[in-house]
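> Mind looking at a prediction? Sequence and model below.
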Amino acid sequence: MNGTLTKLFAGRGVIVWTGITVLVAVSSSEFVTLLEEGFSGSSDVSVRGALLGLGLCVILALGLRWPAVSIGLFVAVAYFFLTDSSLFFWTIVSFMIFSSLAATARALSVRALFLTLSAAWMVQFGIQSGKDAVLLVALAPLAAMAFFLTRNIYLLREKNAVAVHQMQAVREQTRLAVDRERKNIARDLHDIVAHDITVVAMQSKAAKFANDGQKALEALDVIAKLSTETLHDLRLMLNVLRADGTMADSLTQNVDKPAATTVYALQGAELFVQRLRDANFKVTSATDEKISDLPRSAQTAIYRVMQEGTTNVIKHGLTGGTCTFNLIVSGSEAILEIANQMSNSRKKSGDLPSGGTGLIGMGDRMSAFGGKFATNAEDGIWKLRASIPL
């Protein structure tokens, strides 16, 4: 209901409904006379005024849907029925109302034609009416004032509508930017936490079932370092999210390995290869120094894919099995290839969460740089291949 009323009485609707109210008010005495005395007992002015007021109300109502038609019909009425000063009030009121309506027309041709025909009518009226032409002294300035005042208000309203639309567009862009940033933050948190916690979980199992005290101590050492790195990374991310930067990580500045926020691809390759070896995989690796020439953002994307790929190997790979880890430049592409033997048993990672978001995130990172991402399993070997154009 509120929406319908707002639409009816907004913009042009205000002019139409106000104009109809004024025309009915001006013609009300003539309507009363006709009801009391009938057509035969009423004066010619009363009959003409009542019929003219009714006709103008109908014509004005058309302006809600077809303003050009409404304006054209009024001009015709003016030339055929407003030819003398006997309908003084109807003439002034109707010209002011329809001048305001014409001012809201979008087409310049409609506005110009109305003003031209109105001026021609006034010239004709002045010639034919003689002494009654004094009516134009009031009519011309009032009609002109109604037209130009309404036109200015209408232009301001259009500008305001454009400004509101632009503000809405900015809000939508801001919302999309926030959504994208939330997605990026969620993806980064997944990459950091999922990788490190997976390694911690696997190492804790290794320590639990190790028969060799030295191996248990080595597993615990890996757990301690990864826990410290994870805390360091989370603090850095939260520090970025806080505008005042109050979460400075002064306690973990001396971490001996590059953390996930230190996104250099070659260092990352070295780090993740070592983590695979710590997890008891037999790793063969190859890296290309040209990778360091990639932009920092591209290195970040590759780093995250290496991180998630390493997580998948540790979670799903055959412990003690072979794994290849290559980060090379081939032609015009930087290519990451990881291949590992798959575990035949689901017990290894059955108690670790696996929602498939990692693969989606890796694909998103590569596509953002115009790269490619694919995985496949064949003959017991899981292969991951990601590439970015140089």
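Happy to help now that I have it. Numbers count the residues shown, from 1 in each chain.
> Quickly find the element holding the residue nearest to the spatial centre of the chain.
Closest to where the C-alpha atoms of the chain average out (C-alpha atoms, centre = their mean) is residue 172, at 3.0 Å. Element membership for residue 172 (DSSP states H and E) is helix 135-189.
> what packs against that helix?
helix 88-103, helix 108-129, helix 213-241, helix 357-368 (3 or more C-beta pairs under 8 Å, 6 or more residues apart in numbering; DSSP states H and E). C-betas here are computed from N, CA, C, even on glycine.
> Repeat the analysis, applying 10 Å as the threshold.
Counting contacts by 3 or more C-beta pairs under 10 Å, 6 or more residues apart in numbering; DSSP states H and E, helix 135-189 packs against helix 12-41, helix 88-103, helix 108-129, helix 213-241, helix 296-316, helix 357-368.
> Residue 45 is in contact with residue 27, correct?
No. Between residue 27 and residue 45 there is no contact under C-beta atoms under 10 Å: 11.3 Å.
> And the two? Which one has more around it.
Set side by side, residue 27 and residue 45 show more neighbours around residue 27, with 23 against 14, by other C-beta atoms under 10 Å.
> how close does residue 15 sit to residue 118?
Residue 15 is 16 Å from residue 118, where distance means C-beta to C-beta, to the nearest Å.
> what's the answer for residue 360, then?
For residue 360, the distance to residue 118 (C-beta to C-beta) stands at 67 Å.
> The two: which is more packed in?
Set residue 360 next to residue 118 and count neighbours by other C-beta under 10 Å: residue 118 wins out with 23 against 13.
> tell me the contacts of that one?
Taking C-beta atoms under 10 Å, 6 or more residues apart in numbering, we find residue 118 in contact with 71, 74-75, 78, 95, 98-99, 102, 139-140, 143-144, 147.
> Buried by neighbour count, from these: which ones?
Neighbour counting with 16 or more other C-beta atoms under 10 Å marks 71, 74-75, 78, 95, 98-99, 102, 139, 143-144, 147 as buried within those.
> Show the contacting residues for the nearest residue to residue 111 once chain neighbours are set aside.
Leaving aside its sequence neighbours, residue 111 sits nearest to residue 105 (C-beta to C-beta, 6 or more residues apart in numbering; 5.2 Å). Shown in contact with residue 105 (C-beta under 10 Å, 6+ apart): 12, 63, 67-68, 70-71, 111-114, 151, 154.
> Those, buried ones only, as a ChimeraX selection?
The buried subset of the contacts of residue 105, as determined by 16+ other C-beta under 10 Å, is captured in ChimeraX by this line:
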select :12,63,67,68,70,71,111,113,114,151,154
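> Residue 85 is in contact with residue 131, correct?
Yes. The pair residue 131 / residue 85 is scored as a contact, 8.9 Å apart, by C-beta under 10 Å.
> out of these two, which sits in the busier spot?
Taking other C-beta under 10 Å, residue 131 and residue 85 do not tie; residue 85 has more neighbours (16 against 7).
> I figured the more buried one hits residue 125, correct?
Yes. The pair residue 85 / residue 125 is scored as a contact, 8.7 Å apart, by C-beta under 10 Å.
> and for these two, which residues touch both?
Taking C-beta under 10 Å, 6+ apart as the contact rule, residue 85 and residue 125 both touch 91, 132-133, 135-136.
> Next, format those residues as JSON lines and append pLDDT.
Listed next are these as JSON lines, based on pLDDT from 0 to 100:
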{"residue": "91", "pLDDT": "90"}
{"residue": "132", "pLDDT": "78"}
{"residue": "133", "pLDDT": "81"}
{"residue": "135", "pLDDT": "84"}
{"residue": "136", "pLDDT": "88"}
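> out of those, who has the most neighbours?
Within these, residue 91 tops the neighbour count with 24 neighbours, counted by other C-beta under 10 Å.
> Apart from its chain neighbours, what residue comes closest to that one?
Using C-beta to C-beta, 6+ apart and skipping the chain neighbours, the partner closest in space to residue 91 is residue 82 (5.0 Å).
> Pull the contacting residues for that neighbour.
Going by C-beta under 10 Å, 6+ apart, residue 82 touches 52, 74, 88, 90-91, 94-95, 121, 125.
> Let's see that with 8 Å instead.
90-91, 94, 121, 125 (C-beta atoms under 8 Å, 6 or more residues apart in numbering).
> and the gap between it and residue 299?
Separation of residue 82 from residue 299 (C-beta to C-beta): 80 Å.
> before we move on, what about residue 173?
28 Å.
> what's the neighbour count on the closest residue to residue 358 other than its chain neighbours?
Excluding the flanking residues, the one nearest residue 358 by C-beta to C-beta, 6+ apart is residue 308, at 4.5 Å. Burial measure for residue 308: 25 neighbouring residues, criterion other C-beta under 10 Å.
> can you check residue 197 too?
Neighbour tally, residue 197, other C-beta under 10 Å: 16.
> Isn't it up against residue 230?
Yes. Between residue 197 and residue 230 there is a contact under C-beta atoms under 8 Å: 7.2 Å.
> where in the stretch 251-390 of the chain is pLDDT low?
For the stretch 251-390 of the chain, applying pLDDT under 70 flags the ranges 251-263, 345-357.
> Now do the strands in it.
All strands of the stretch 251-390 of the chain, identified by DSSP state E, counting those that start in this stretch, fall at 282-287, 322-330, 333-341, 372-378, 381-389.
> where does the stretch 101-250 of the chain dip in pLDDT?
Across the stretch 101-250 of the chain (using pLDDT under 70), the flagged ranges come out as 187-188, 190-196, 202, 205-206, 208-212, 215, 229, 232-233, 236-250.
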